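K.L.:
build me a structure from this.
(2 chains)
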Amino acid sequence: MRRLTFLAAAGTLLAGAAGCGRDEVAHYRVPKEAPSPEPAARPAAFAANARPSGALPPPPVPAGSAALTWTLPAGWTQEAGGSAMRYATLRAPVAGKIDVSVTVLPGDAGGELANVNRWRNQIGLPPVDAAGLQSARKPVRTEAGTLSLYDFTSEGGEKRRLVAGLALVDGNSWFVKMTGEAGAVGQARSDFLKLVESIRREVVQ
Amino acid sequence: MKWFSDLLWDVLTSLKLTIACLLALMVLVVACTLAQVPLGTWGAVEVFMYGWLVWWHPPGTDWAIPVLPGGALVFAVLLANLISAQVRRLEWSWKKSGIWIAHLGLVLLITGGFITGRAQRETQLSIEEGQTVNFVESPREMELALIDRTDASYDDVYSIPARSLARRESVAIPGTPVVLLVKGYFRNCDLAMRQPGDGASLATQGIGPTVTVVPQPPVSRDEEIDRSAAFVEPVVAGQSMGTWLVSNGLGKDQSFSAGGRTYSIVMRNLREYLPYAVTLKRFRHDVYTGTDIPKNFSSLVRIDNPSRGESRDVLIYMNQPLRYEGKTFYQASFGKNDTLSVLQVVENPGWRLPYISCVLVVVGLLVQFGISFRRAILGQASRAAAAEAGRRTHATTEA
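P.N.:
Numbering: from 1, shown residues only, chains lettered A, B, ... in the order given. Just a heads-up that it's a prediction; the model follows:
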């Protein structure tokens, strides 16, 4: 009988431990937080923005209050979108495989470290920590604010290179990225930097 | 019935079960290590070590087949085996006291592992210079938060762990007339601005109708976080408030009013509110002169705890954490041009147990060794005395 009691107690403990869950609704009464700006009022601001001649054709902007625009280097072309995630796809006049894109996402899009490591992963490089991120970051001043620029080249025989910048503007994360064969990216890099430096704010009408 | 309990008792106290558990642990360790490639460190540990069973989901099916015992089950069996064998085989005598103490240490070690696995919480406190924060956030887990902002002086926050949304159709918010109907949940997804060719959105209110959700597999790298999203329909006293898209990728909360109250709804990192506030007074990131090599990271914070009437400054720096009210705050990261400090916050009610258990095992082994040593010395002395007595008897006889 004592054995049965012991076994039953052990079984009850196990069942209790297995049943421990954290799925219940928790309630906190906390001091007032400042409410965030109201996105529910935003859809009206999603309407197509005015397009200045010779500059970026602006598709819908997530936060609605401002879009970014820039000046294309000589010989470069661009088209709006290009995929579900893209704001614009740019074409550089260089030989070799190269892809230049502008993407905008609402919010911080996971944060700078996560995005930089995602880029590094795309060209087969290991992730960096916060200190590595700090040393790799090159700030570029633009009229729209400071943009963090990164330049990574992969290891191995067939080198791939990625030059990309990101900035948080009005609550949206903007990504300007050029990636492809290291040689082609190297040829287009100076023009790409000019494009990045020309980024400016375009007030939504 | 007796034959069954005898059989169970024999199995539970057998050395073979101990060896089987140790073998299972070896297999789990190898499998867990290999699984870190697709699942990431935390995902693999959760599946192989914290789970009771390791499940395999055949591709293209909804089946879940258990393929291995999980670490929790193996350790539970090992613990039961250890205790049972101790009770059955070892005698209650001071001669065995060292073994009892050492076994108690092992029991505490395994118990500490359970407590850590079940109760340890690792969160972060991200704070900018001059900012005051009264909550910590999970770096990996998300929550769906419904916030009643009606009162002018406080907010009522109702937090639902996001992962639980996957198996729920509705969540009744206790103490309120609100029921949240869960119409879709995505542990990880991409968000894109809705294009003309995209299909209709489930969302009818807020920012949702302008955003497309593209499901993605959960992230596996430790430095990445899931972008979770859900479509939820708040129903207040039987009246629908429309369907809203919430996601930590959207970054902002959205609001609706019903029954004279104003609610915000947001998907964000899972928060735990603290009964005290932390203010970052200064963050320092020192480097060695002429280099970018970090020399020191430190955060000077002020702790304001009204329940203790306490307001004091604390300097947190590398390897010098703040231990406060059961939580340990470590300097972990930084950002925003050295104006943002990120503190890793660890809460583990069983953190002392491994130290206690190690001391007990060492003490137990020393005690047992001492007892054996004493017995050996005494035995040798008595044998020597017997031999001496024998020699004297022999000499007397010879004389």
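K.L.:
what are the boundaries of the helices in the stretch 51-200 of chain B?
P.N.:
Counting by DSSP state H, counting those that start in this stretch, the stretch 51-200 of chain B forms helices over residues B:71-89, B:97-119, given from the N-terminal end onward.
K.L.:
mind listing what's buried in the first one?
P.N.:
Looking back up the chat, that one is helix B:71-89. Within helix B:71-89, the residues scored as buried using 16 or more other Cβ atoms under 10 Å in any protein chain shown are B:71-86. Quick note: C-beta positions are derived from backbone N, CA and C, even for glycine.
K.L.:
strands along chain A, start to end?
P.N.:
Ranges of strands in chain A, per DSSP state E, are A:26-31, A:66-69, A:77-80, A:86-91, A:98-106, A:138-142, A:145-153, A:160-169, A:172-181, A:200-203.
K.L.:
wait, doesn't B:Val54 sit right on B:Val45?
P.N.:
No. Counting by Cβ atoms under 8 Å, B:Val45 is not a contact partner of B:Val54; they are 11.9 Å apart.
K.L.:
now do B:Lys252, the pLDDT please.
P.N.:
In this model, B:Lys252 is scored at 66, pLDDT.
K.L.:
re the thing from before, can I get the strands of chain A in JSON lines with mean neighbour count, mean pLDDT and distance to chain B?
P.N.:
Putting the strands of chain A into JSON lines (neighbours: other Cβ atoms under 10 Å in any protein chain shown; pLDDT from 0 to 100; distance: least, Cβ to the nearest Cβ, whole Å) gives the following:
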{"stretch": "strand A:26-31", "mean neighbour count": "15", "mean pLDDT": "90", "distance to chain B": "4"}
{"stretch": "strand A:66-69", "mean neighbour count": "23", "mean pLDDT": "74", "distance to chain B": "12"}
{"stretch": "strand A:77-80", "mean neighbour count": "13", "mean pLDDT": "78", "distance to chain B": "10"}
{"stretch": "strand A:86-91", "mean neighbour count": "21", "mean pLDDT": "81", "distance to chain B": "8"}
{"stretch": "strand A:98-106", "mean neighbour count": "22", "mean pLDDT": "84", "distance to chain B": "5"}
{"stretch": "strand A:138-142", "mean neighbour count": "14", "mean pLDDT": "89", "distance to chain B": "8"}
{"stretch": "strand A:145-153", "mean neighbour count": "18", "mean pLDDT": "90", "distance to chain B": "9"}
{"stretch": "strand A:160-169", "mean neighbour count": "22", "mean pLDDT": "89", "distance to chain B": "10"}
{"stretch": "strand A:172-181", "mean neighbour count": "22", "mean pLDDT": "88", "distance to chain B": "9"}
{"stretch": "strand A:200-203", "mean neighbour count": "15", "mean pLDDT": "73", "distance to chain B": "16"}
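K.L.:
remind me what the biggest strand by length in chain B packs against, helices and strands.
P.N.:
Residue-count comparison of every strand in chain B, with assignments taken from DSSP E, identifies strand B:261-287 as the longest. In this structure, strand B:261-287 packs against strand B:121-128, strand B:132-148, strand B:154-161, strand B:229-236, strand B:244-247, strand B:254-258, strand B:294-305, strand B:340-347, with contacts taken as 3 or more Cβ pairs under 8 Å, 6 or more residues apart in numbering or on different chains; DSSP states H and E.
K.L.:
and the helix or strand just after the fourth one, does that touch chain A?
P.N.:
Going back to what we said before, that points to strand B:229-236. As assigned by DSSP states H and E, the chain's next helix or strand after strand B:229-236 is strand B:239-240. No. Strand B:239-240 does not reach chain A (Cβ under 8 Å from any Cβ of the partner chain); its nearest approach is 15.5 Å.
K.L.:
what would the strands of chain A look like in a markdown table with distance to B:Glu143?
P.N.:
Putting the strands of chain A into a markdown table (distance: least, Cβ to Cβ, whole Å) gives the following:
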| stretch | distance to B:Glu143 |
| --- | --- |
| strand A:26-31 | 8 |
| strand A:66-69 | 30 |
| strand A:77-80 | 36 |
| strand A:86-91 | 30 |
| strand A:98-106 | 19 |
| strand A:138-142 | 34 |
| strand A:145-153 | 29 |
| strand A:160-169 | 23 |
| strand A:172-181 | 22 |
| strand A:200-203 | 34 |
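K.L.:
and B:Trp56, what pLDDT?
P.N.:
According to the per-residue confidence, B:Trp56 scores 89 in pLDDT.
K.L.:
now it, which residues is it bridged with?
P.N.:
B:Ile65 (DSSP bridges).
K.L.:
quick revisit: which one of the strands of chain A lies nearest to B:Asp304?
P.N.:
Closest to B:Asp304 of those is strand A:26-31 (Cβ to Cβ; 11.5 Å).
K.L.:
list the strands paired with that closest one, with their directions.
P.N.:
The strands beside strand A:26-31 in its sheet (DSSP bridges) come out as strand B:154-161 (antiparallel).
K.L.:
where are the low-confidence patches of the stretch 101-250 of chain B?
P.N.:
Under the criterion of pLDDT under 70, the regions of the stretch 101-250 of chain B flagged as low confidence span B:223.
K.L.:
please report the distance of the closest residue to chain B within chain A from A:Leu193.
P.N.:
Chain B sits closest to A:Gly107 of chain A, with a gap of 2.5 Å, by Cβ to the nearest Cβ. Using Cβ to Cβ, to the nearest Å, A:Gly107 is found at 27 Å from A:Leu193.
K.L.:
A:Arg118 too?
P.N.:
With distances taken as Cβ to Cβ, A:Arg118 is found 22 Å from A:Leu193.
K.L.:
same thing with B:Thr210?
P.N.:
Plainly put, B:Thr210 is 33 Å away from A:Leu193 if you go by Cβ to Cβ.
K.L.:
residues near the residue of chain A closest to chain B, how many?
P.N.:
21 (other Cβ atoms under 10 Å in any protein chain shown).
K.L.:
surely it meets B:Val246?
P.N.:
No. In terms of Cβ under 8 Å, A:Gly107 does not count as a neighbour of B:Val246; the distance is 11.7 Å.
K.L.:
give me the buried stretch members for the host helix or strand of B:Lys16, please.
P.N.:
For B:Lys16, the enclosing helix or strand under DSSP H and E is helix B:15-48. By neighbour count on 16+ other Cβ under 10 Å, the buried set for helix B:15-48 is B:17, B:20-21, B:24-25, B:28, B:32, B:35-36, B:39-40, B:43-48.
K.L.:
what about it and chain A, touching?
P.N.:
No. Using Cβ under 8 Å from any Cβ, no contact is recorded between helix B:15-48 and chain A, whose separation bottoms out at 11.3 Å.
K.L.:
elements contacting that helix?
P.N.:
If you count contacts as 3+ Cβ pairs under 8 Å, 6+ apart, helix B:15-48 packs onto strand B:53-56, strand B:65-69, helix B:71-89.
K.L.:
so for that helix, what's the average pLDDT?
P.N.:
Rounded to a whole number, the mean pLDDT of helix B:15-48 is 91.
K.L.:
okay, the angle between that helix and strand B:132-148?
P.N.:
In terms of direction (axes from the mean of the first three to the mean of the last three Cα atoms, to 10 degrees), helix B:15-48 departs from strand B:132-148 by 80 degrees.
K.L.:
next, the angle helix B:97-119 makes with helix B:15-48.
P.N.:
Helix B:15-48 and helix B:97-119 meet at an angle of 20 degrees, taking the same axes, to 10 degrees as the criterion.
K.L.:
off-centre distance for helix B:15-48?
P.N.:
On the basis of Cα atoms, centre = their mean, to the nearest Å, helix B:15-48 sits 17 Å off its chain's mean C-alpha point.
K.L.:
what are the bridge partners for B:Val133, then?
P.N.:
In this entry, B:Val133 is beta-bridged to B:Val278, by DSSP bridges.
K.L.:
how about the contacts made by A:His27?
P.N.:
A:His27 sits next to B:Asp156, B:Val157, B:Tyr158, B:Ser159, B:Pro174, B:Gly175 when contact means Cβ atoms under 8 Å, 6 or more residues apart in numbering or on different chains.
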